[in-house]
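A.B. asks: Any chance you can model this:
(one chain, ligands or ions: 1)
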Amino acid sequence: MQPIEYVFIPFSFLWYLFLILWHALIGLIFAFIPYALLPKKDVSNDIVLVTGGGSGFGRLFALEFTKLGSTVVIWDINLTGAENVVKECKELGGKAFAYKVDVSNSENVYKTADDVRKDVGDVTILINNAGVVAGRYLLDAPDHLIHKTLDINIKSHFWTVKAFARSILDNNHGHFVTIASMAGHYGGTQITEYSASKHAVVGFEDSMFCEFELYKRSGVFSTIISPFYTSTGMFDGIEKTAGLLPILTPDYVMHVSMNAILTNTRYVFLPPLTKLYLFLRSFLPEPSIRAMTSFFRIEGYMAGYKGREKTK
Ligand SMILES: NC(=O)c1ccc[n+]([C@@H]2O[C@H](COP(=O)([O-])OP(=O)(O)OC[C@H]3O[C@@H](n4cnc5c(N)ncnc54)[C@H](O)[C@@H]3O)[C@@H](O)[C@H]2O)c1
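C.D. replies: Predicted coordinates:
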């Protein structure tokens, strides 16, 4: 892939201004159409790989794509969890496969990707979902947990995308789904390494998308999902100390995420109100921002954190 040279086009400013306004208008119109009425793409011939598919959001993605007729491949470090989800998919009449993979290990990812290609075929929808959190204050966090979160939450995206993007781009067919977090857009207490990893994920997806645009593939899409705290078990315990914004339910996050993927929507912020916060944050003075986060008691959310002991 060669770098693109800038070519000056006379009156290009007017053309790009038209494009910006045109897409803004289309976006505005679509914002008022209920998702249920929007045309959805057919994924019945797709092979969907979900990292961390053995529980939480990953499990729900596997079940939703199974209901739509896709073949599902579940990667998880917890093989029992992955196999249980495969069983659930099969009970729904689907085709599903489980693999034990540590997504933070590049060699393990490349080797298992080869196995998937042989056993199942070319993956067309890659859902980068596996994630962990240490849940400690910065000064109390052991180094190995900081490494672990960064290795699983962000570095793994390099390995999985490198393993599967080539065939997606060559065939001009596929979708990259990135599970980020609202913590990828702002910070909080007891989530330093997690928030850092999710900010990196946001930058990764944006840069990946820019690069893949160079291939001019009209059939390749990307969706990045940024949910607020959700009751999957990952943040168990925080229900007692949560502030004003309610903890989301996994079903709600899944419903909106699936609609976004099936309509090739790029960005998902949940709850949508958080978009307003991010907008205000882009120009309000810092003490105003702090007053806002204090009002919602964002600082205290993690105080009751217990999480999943097994990921420690
Ligand atoms: N639950 C929330 O509040 C919330 C909010 C925003 C974003 N997210 C993100 O959603 C994603 C899914 O989280 P969840 O809430 O479903 O949590 P979860 O703990 O239910 O699921 C995470 C899965 O990843 C797997 N996993 C962990 N390390 C792995 C590794 N090295 N290799 C392969 N698999 C591994 C786990 O076994 C587990 O099945 C994560 O990326 C998380 O950061 C969660």
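
A.B. asks: give me every residue that touches Phe97.
C.D. replies: By Cβ atoms under 8 Å, 6 or more residues apart in numbering, the residues touching Phe97 are Thr71, Val72, Val73, Ile74, Val86, Val116, Asp119, Val120. The C-beta positions use only the backbone N, C-alpha and C, and glycine is treated the same way.

A.B. asks: Narrow those to those that are buried.
C.D. replies: Thr71, Val72, Val73, Ile74, Val86, Val116, Val120 (16 or more other Cβ atoms under 10 Å).

A.B. asks: how close does the fifth one sit to the ligand?
C.D. replies: In other words, Val86. Separation of Val86 from the ligand (Cβ to the nearest ligand atom, to the nearest Å): 13 Å.

A.B. asks: for Glu64, same thing?
C.D. replies: 13 Å.

A.B. asks: Pull the number of nearby residues for the closest residue in space to that residue that isn't next to it in sequence.
C.D. replies: Sequence neighbours aside, Met258 is the residue nearest to Glu64 in space, at 5.1 Å (criterion: Cβ to Cβ, 6 or more residues apart in numbering). Other residues lying near Met258 total 19 when counted by other Cβ atoms under 10 Å.

A.B. asks: Look at Met258 and report its pLDDT.
C.D. replies: For Met258, the model assigns a pLDDT of 97.

A.B. asks: Correct me if wrong, but it is in a helix.
C.D. replies: Yes. When DSSP: H, G, I helix; E, B strand; the rest coil is applied, Met258 is found to be in a helix.

A.B. asks: which secondary structure elements does the host helix or strand of Ser294 contact?
C.D. replies: Using DSSP states H and E, Ser294 sits in helix 286-295. In this structure, helix 286-295 makes packing contacts with helix 273-281, judged by 3 or more Cβ pairs under 8 Å, 6 or more residues apart in numbering; DSSP states H and E.

A.B. asks: Just the mean pLDDT for the helix holding Ser294, thanks.
C.D. replies: pLDDT averaged over helix 286-295 gives 92.

A.B. asks: same thing with stretch 263-270?
C.D. replies: Stretch 263-270 comes out at a mean pLDDT of 95.

A.B. asks: just to revisit the earlier point, how about the buried ones among the contacts of Phe97, which pair is most distant?
C.D. replies: Using Cβ to Cβ, the buried ones among the contacts of Phe97 reach their maximum pairwise distance at Val86 and Val116, which is 13.5 Å.

A.B. asks: shaky segments in the stretch 1-150 of the chain?
C.D. replies: Within the stretch 1-150 of the chain, the segments meeting pLDDT under 70 span 1-8.

A.B. asks: Which positions in it make contact with the ligand?
C.D. replies: 51-52, 54-58, 75-78, 81, 101-104, 129-132 (Cβ under 6 Å from any ligand atom).

A.B. asks: Ok, the stretch 151-300 of the chain next?
C.D. replies: Ile152, Ile179, Ser181, Pro227, Tyr229, Thr230, Thr232, Gly233, Met234, Phe235.

A.B. asks: which among those residues end up buried?
C.D. replies: Ile152, Ile179, Ser181, Pro227, Tyr229, Thr230, Thr232, Met234, Phe235.

A.B. asks: In strands only, show me these.
C.D. replies: In this view, those that belong to strands under DSSP state E are Ile179, Pro227.

A.B. asks: ok, the buried ones among the residues of the stretch 151-300 of the chain next to the ligand vs Glu299, which is closest?
C.D. replies: Tyr229 (13.4 Å).

A.B. asks: Please name the residues that touch that closest one.
C.D. replies: Tyr229 neighbours (Cβ under 8 Å, 6+ apart): Met182, Phe235, Ile238, Ala242, Ile247, Leu248, Tyr301.

A.B. asks: circling back: what angle do the helix holding Ser294 and helix 273-281 make?
C.D. replies: 160 degrees (axes from the mean of the first three to the mean of the last three Cα atoms, to 10 degrees).

A.B. asks: Contacts only, for Ala82.
C.D. replies: Here Ala82 is in contact with Gly53, Gly54, Ile74, Trp75, Asp76, Ala98, Tyr99, Lys100 (Cβ under 8 Å, 6+ apart).

A.B. asks: For Leu278, see how far away it is.
C.D. replies: 34 Å (Cβ to Cβ, to the nearest Å).

A.B. asks: can you pull out the helices in this structure?
C.D. replies: 12-31, 56-67, 79-91, 106-119, 143-150, 156-170, 192-213, 250-262, 273-281, 286-295 (DSSP state H).
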